[in-house]
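[1] here is the input, now give the coordinates:
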Amino acid sequence: MKLPRILAFIAVLSLFLKPFGSVAGAEPAGGAPKNVVTQAQANPVVLPQRNLQIEIRQIGNDAVQRSSVDAQGRVILQPGSSRSEGVVGIDQSRSNQSRSLQQQALVLNGRSVSFTLGQTLPLRVVQVLIYKDVVNFVPSAVLIDRNSGFTARPLWYGDDVAEVEISTMLAQGAKQSKVSTTLPIQMNEWITIAQTEESQISSTSGILSRSNQQGQISLRVDIRVTVK
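    Model (predicted):
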């Protein structure tokens, strides 16, 4: 009589513990994917821990054209008549002068490095627009003011193209704000990132002379990124 009663007690106990077994078992099917998504969002892409060499090249060209007109004359007085003699001289000259300046810095991938240009003209940073598979470089809103520079932050993911963030400080009254743009840079190749072109015209005139001077000053900044 004791054995049937023991078996009945075990059966009742197993029915009572069954709900607790399901709770202590595996997590619901929807739990694991949610955790995976959260971890993927929390972990950004890891950049290769490599040193990158950034080279900056400034190429400028000054074209100056000068022209002058001089008039020299004299008046000859004779009894009963007078006459004048005059000589007009025209002189024109043109000169071209090119200059180049190069800098380089070694920086860890993902870190920033600053460059001072010291240029006398403001530079406009370009931005890349792709239309119908054609790459176009157009002016951006980022301006490198005269006698200043910029900060470059390369992001290289291991392929043949890097992203370089170009940022400058823009003065707005008594405050300064940071403006930046990101450019795709082909590794190991020189790419233009900023350029400017400005014409300066001056003229002077006197009673018997006049001179004009027209100068065109152009400057561009190139960048090259290589892995070291």
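[2] which residues of the chain score low on pLDDT?
    1-44, 62-98, 130, 135, 171-173, 197-217 (pLDDT under 70).
[3] Glu55 is in contact with Leu101, isn't it?
    No. The pair formed by Glu55 and Leu101 falls short of the contact definition of CB atoms under 8 Å, at 11.5 Å. C-beta coordinates here come from the backbone N, C-alpha and C atoms, glycine included.
[4] dihedrals phi and psi, the residue lying closest to Arg99 once chain neighbours are set aside?
    Leaving out its chain neighbours, the residue that sits closest to Arg99 by CB to CB, 6 or more residues apart in numbering is Gly60, at 4.8 Å. The phi and psi values for Gly60, taken as degrees, to the nearest 10, are phi -120, psi 160.
[5] partner residues bridging Gly60?
    Arg99, Leu219 (DSSP bridges).
[6] and Thr192, by the same measure?
    With DSSP bridges as the rule, Thr192 is bridged to Asp222.
[7] can you report how many residues lie near it?
    15 (other CB atoms under 10 Å).
[8] repeat for Ile144
    Using other CB under 10 Å: Ile144 sits among 24 other residues.
[9] which residues touch it?
    117, 119, 122-125, 150, 168, 194, 221 (CB atoms under 8 Å, 6 or more residues apart in numbering).
[10] repeat the analysis, applying 10 Å as the threshold.
    Contacts for Ile144 (CB atoms under 10 Å, 6 or more residues apart in numbering) come out as 115, 117, 119, 121-125, 150, 166, 168-170, 193-194, 196, 221.
[11] write a PyMOL command that selects only the buried members of those.
    Of these, the buried ones go into a single PyMOL selection, burial set by 16 or more other CB atoms under 10 Å:
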select buried, resi 115+117+119+121+123+124+125+150+166+168+193+194+196+221
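[12] now intersect the contacts of Ile144 with the strands, please.
    Here DSSP state E is the test, and the contacts of Ile144 give 115, 123-125, 150, 166, 168-170, 193-194, 196, 221 as lying in strands.
[13] save those residues as CSV, and put in distance to Ile185 too.
    Converted to CSV, these look like this (distance: CB to CB, whole Å):
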residue, distance to Ile185
Phe115, 15
Leu123, 17
Arg124, 18
Val125, 13
Phe150, 14
Ile166, 10
Thr168, 17
Met169, 22
Leu170, 23
Ile193, 8
Ala194, 13
Thr196, 20
Val221, 13
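[14] for Asn109, phi and psi?
    phi -50, psi 120.
[15] distance of it from Ala141?
    Counting by CB to CB, to the nearest Å, the separation of Asn109 from Ala141 is 27 Å.
[16] neighbour-wise, which of those two wins?
    A direct count of neighbours by other CB under 10 Å for Asn109 and Ala141 places Asn109 higher, at 19 against 11.
[17] the more buried one touches Tyr157, doesn't it?
    Yes. Between Asn109 and Tyr157 there is a contact under CB atoms under 10 Å: 9.0 Å.
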